[in-house]
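[1] Structure here, sequence nowhere to be found:
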Ligand SMILES: Nc1ncnc2c1ncn2[C@@H]1O[C@H](COP(=O)(O)OP(=O)(O)OP(=O)(O)O)[C@@H](O)[C@H]1O
Ligand SMILES: [Mg+2]
């Protein structure tokens, strides 16, 4: 018995890569996106030809204006103080935000929310608004209401972290195994008890990871909120940008990059530890 | 005088969905080890869950120790639930919590919110937990995490948790389906012994007819949400079994 | 006898628990004091309570934001479009710039691991570490005020996350497909095209759409430092103390973000 050869079959169905309605829609959408992008370049007056020479120019500018960074400028007590302020602002904002987001994560998770009709949509809406409004906008608003200082910075970071972590928490809670929660309810536990004993142990590790991630984001933002008057290093940045003290700006930027880098490395390490805890 | 009386019970999951339980009536006596058997999808789990209202029945009555369960407020329901132990097919333990904390969580209905927030259980509860863990043979595992245990051991933790509640009724939803035959038999034997010691009636869903006839004194046969059989184990015979499981053969 | 034994276990257990409980309580109290100290320094000492005034005046000042300036709406359309376009172009440029970073940064395809791999990882961290406002400041200084600075800032800010997730996806691919192509004599490029790309393309597209959504949020504020779009309008409303206008701009940003969410939801469904 020989294997059936391909030539035996006579009426093979025709096959083409291009399938009539789907492929057309597909390519049409792609074309639409491309046209939109090209039009955007036109609309925004972006000089494409300059883009090519630009990298060279930026190099020249960097060496010209920003080099050498005025390291001495940032080596004084006041600046170190502002760094400390930044760290404190970031962790207070993250801490308060995380506490609030714990509730949003609980109330805004579809499977364990106390009420799907009322509490759930409200929690979702709050999370959504906190998240969507940029932390700098929060900072500006709080500065107008409360004046310059670290309090508006802490509040802005808090709201931002609330939204940021709240969404992630809720997603994490929605992915749990409901069996233990049901078991707790069956023993006569109330809502709080069912959360603390049935839900929280299942998400604790994930929450720790999210908390570390929130710290990263909060610290990164904290270095800049001062730009709009909310305390910390950002204020130095603002002052020197306005006075076109480019070498000082370079030094400040370098210090920010360095600090964020250190914090990222530390939290990457912490995250690994947490992952090992599983 | 029956302990649990179910009258004309009806249940459905969605308003437009099919009726899962249809006009079901039976009663459980103080010393019963009551089995509910039936093919998959017959509504056994739904029935068990209707007793403590993890599923809300749509009609009928559930009378437990003289109270109408379906008329209770949410506080009243929690009060009631703390005296109904429940044991699950998938154990429903919190994997990341220690055996001790899993067992203690059976006391949640008795402990206030603030105390339970910080895991401050009274001394008497801890004593009780240790006694019960000793009884189910798990004393050496108190500080192990629940996910470090084998299936049979996990189910025994589940039993211990239910016993912590000082139950006046035990509900078992296929307690042995996740276990191998030998362990299944051990677990059932343990439940039976304990039910005798603590003098609790048991209502038990079970897929395995062999186990049901071996351990239970009464059997309720369900098919498609309807009662097909209700009587003592002796009166059950092959022909009636075939009737109950007819759907599955087809 | 047995109960005796049990008693001992109970006592031991309680003792062990109380030790850990005390230790935990000590840590909690220490942390609590630290937080209290920070609150004192940052919030209580640093705030000019005189200027803030009473609770009533805070409520009054906040209340100013609770209005809408409808006359502003027509003037928001153009900046909104601009913001959207900056986000789109920035994301696109970011993806293009990403390609070499992804290639270098995936341990299993990087050309010369001791050098290219750490360099790519560094770039990824650098891109994510710097806040978009800082990137924008930098590019405004380099190429002047306007949309271009915004596009570049968004692009630079996006590289890190897209590249990181994509590189990790490449590291996690199923090596069997690669082997299969190699076994039939495929060269490196063919392996890339027929074994690796099909596996990771959904991830790359997914993360790009995700980043694009975030970029709308970012590009909406770049105007604060002179990079065009809604941020510029926001800044002007703020400077002229037109608080209802501020709220209007924020709502416009929310609408834009919502639009982005809807679009990304559908495009993700279409692609994956
Ligand atoms: N949460 C739910 N929502 C909607 N329908 C459900 C739900 N749970 C169960 N059902 C339906 O109710 C019917 C009875 O299910 P039930 O779990 O009570 O059966 P069972 O007898 O316990 O079966 P098994 O032996 O497989 O556990 C099934 O048709 C099932 O599809
Ligand atoms: Mg079942």
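    Nice, thanks for sending it over. Because the structure is predicted, anything quoted here is derived from the model rather than measured. Ligands and ions are numbered 1, 2, ... in the order given.
[2] can you list the residues of chain B near ligand 1?
    Residues of chain B lying close to ligand 1 by C-beta under 6 Å from any ligand atom are B:13, B:20, B:38, B:40, B:41, B:42, B:43, B:44, B:45, B:46, B:207. Placement of C-beta: from N, CA and C, glycine included.
[3] who wins for neighbours among these?
    Using other C-beta atoms under 10 Å in any protein chain shown as the neighbour criterion, residue B:38 leads the residues of chain B next to ligand 1 with 27 neighbours.
[4] where does that residue sit relative to residue B:209, distance-wise?
    Noted for residue B:38: a distance of 10 Å to residue B:209, by C-beta to C-beta, to the nearest Å.
[5] was I right about residue A:123 contacting residue A:104?
    Yes - using C-beta atoms under 8 Å, residue A:123 is in contact with residue A:104, at 5.1 Å.
[6] Overlap of the contact sets of those two?
    A:166, A:170 (C-beta atoms under 8 Å, 6 or more residues apart in numbering or on different chains).
[7] And stretch B:23-30, how far out from the chain middle?
    15 Å (C-alpha atoms, centre = their mean, to the nearest Å).
[8] again with stretch A:197-208
    In terms of C-alpha atoms, centre = their mean, the centre of stretch A:197-208 is found 22 Å from the chain centre.
[9] quick one: contacts of that stretch?
    Counting by C-beta under 8 Å, 6+ apart, residues outside stretch A:197-208 touching it are A:102, A:106, A:112, A:169, A:172-173, A:176-177, A:180-185, A:189, A:274, A:277-278, B:94-97, B:101, B:105, B:108, B:116.
[10] Please repeat the previous calculation with a cut-off of 7 Å.
    Among residues not part of stretch A:197-208, those counted as contacts by C-beta atoms under 7 Å, 6 or more residues apart in numbering or on different chains are A:112, A:169, A:172-173, A:176-177, A:180-181, A:184, A:189, A:274, A:277-278, B:94, B:96-97, B:105, B:108.
[11] so where do the helices sit in the chain?
    With no chain named, the answer covers chain A. Using DSSP state H, the helices of chain A run over A:20-43, A:48-61, A:71-74, A:77-107, A:119-132, A:135-146, A:150-174, A:178-186, A:191-193, A:200-225, A:234-242, A:246-277.
[12] um, chain C though
    Counting by DSSP H, the helices of chain C are C:2-38, C:49-52, C:55-63, C:73-105, C:113-129, C:132-143, C:147-171, C:175-183, C:188-191, C:197-222, C:230-239, C:243-271.
[13] can you list these in JSON lines and add mean pLDDT?
    Formatted as JSON lines, these follow (pLDDT from 0 to 100):
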{"stretch": "helix C:2-38", "mean pLDDT": "77"}
{"stretch": "helix C:49-52", "mean pLDDT": "73"}
{"stretch": "helix C:55-63", "mean pLDDT": "82"}
{"stretch": "helix C:73-105", "mean pLDDT": "92"}
{"stretch": "helix C:113-129", "mean pLDDT": "89"}
{"stretch": "helix C:132-143", "mean pLDDT": "85"}
{"stretch": "helix C:147-171", "mean pLDDT": "92"}
{"stretch": "helix C:175-183", "mean pLDDT": "80"}
{"stretch": "helix C:188-191", "mean pLDDT": "80"}
{"stretch": "helix C:197-222", "mean pLDDT": "90"}
{"stretch": "helix C:230-239", "mean pLDDT": "89"}
{"stretch": "helix C:243-271", "mean pLDDT": "87"}
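[14] Would you tell me which of the ones you listed gets closest to ligand 1?
    Closest approach to ligand 1 among those (C-beta to the nearest ligand atom): helix C:243-271, 25.6 Å.
[15] In contact with residue B:221, which residues?
    Per C-beta under 7 Å, 6+ apart, neighbours of residue B:221: B:37, B:38, B:228, B:229, B:240, B:244.
[16] near chain A at all, stretch B:39-47?
    No - judged by C-beta under 7 Å from any C-beta of the partner chain, stretch B:39-47 and chain A are separated, with a smallest distance of 11.4 Å.
[17] Tell me the span between the first and last residue of that stretch.
    End-to-end distance for stretch B:39-47, by C-alpha to C-alpha, to the nearest Å: 14 Å.
[18] can you check stretch C:54-71 too?
    33 Å.
[19] got the contact list for the longest helix anywhere in chain B?
    Criterion DSSP H: the longest helix present in chain B is helix B:181-198. Contacts to helix B:181-198, defined as C-beta under 7 Å, 6+ apart, come from residues B:33, B:136, B:151-152, B:155-156, B:159, B:163, B:170, B:172, B:175-176, B:179, B:202, B:211, B:215.
[20] what's the offset of it from the middle of its chain?
    Computed by C-alpha atoms, centre = their mean, the chain-centroid distance of helix B:181-198 equals 13 Å.
[21] buried set for that helix?
    Across helix B:181-198, burial judged by 16 or more other C-beta atoms under 10 Å in any protein chain shown covers B:183, B:184, B:185, B:187, B:188, B:190, B:191, B:192, B:194, B:195.
[22] Show the pLDDT at the last one.
    According to the prediction, residue B:195 has pLDDT 93.
[23] And the third one, by the same measure?
    pLDDT recorded at residue B:185 is 93.
[24] What distance do you get for it to chain A?
    According to C-beta to the nearest C-beta, to the nearest Å, residue B:185 stands 24 Å off from chain A.
[25] Could I get the phi/psi values of the residue nearest the centre of chain B?
    Centroid check for chain B by C-alpha atoms, centre = their mean gives residue B:171 as the closest residue, at 1.8 Å. Main-chain torsions, residue B:171, degrees, to the nearest 10: phi -110, psi 130.
[26] Okay, and the beta partners of it?
    With DSSP bridges as the criterion, residue B:171 is bridged to residue B:86, residue B:203.
[27] swap in residue B:229?
    As for beta bridges, residue B:229 partners with residue B:221 under DSSP bridges.
[28] That one is in contact with residue B:241, isn't it?
    No - judged on C-beta atoms under 7 Å, residue B:229 makes no contact with residue B:241 at a distance of 8.5 Å.
[29] what does the stretch 1-150 of chain C put close to chain A?
    Selection of the stretch 1-150 of chain C residues close to chain A by C-beta under 7 Å from any C-beta yields C:35, C:38-39, C:41-43, C:46-48, C:51-52, C:58, C:61-62, C:65, C:82, C:85-86, C:88-89, C:92, C:125, C:129-131, C:133-134, C:137, C:142-143, C:147-148.
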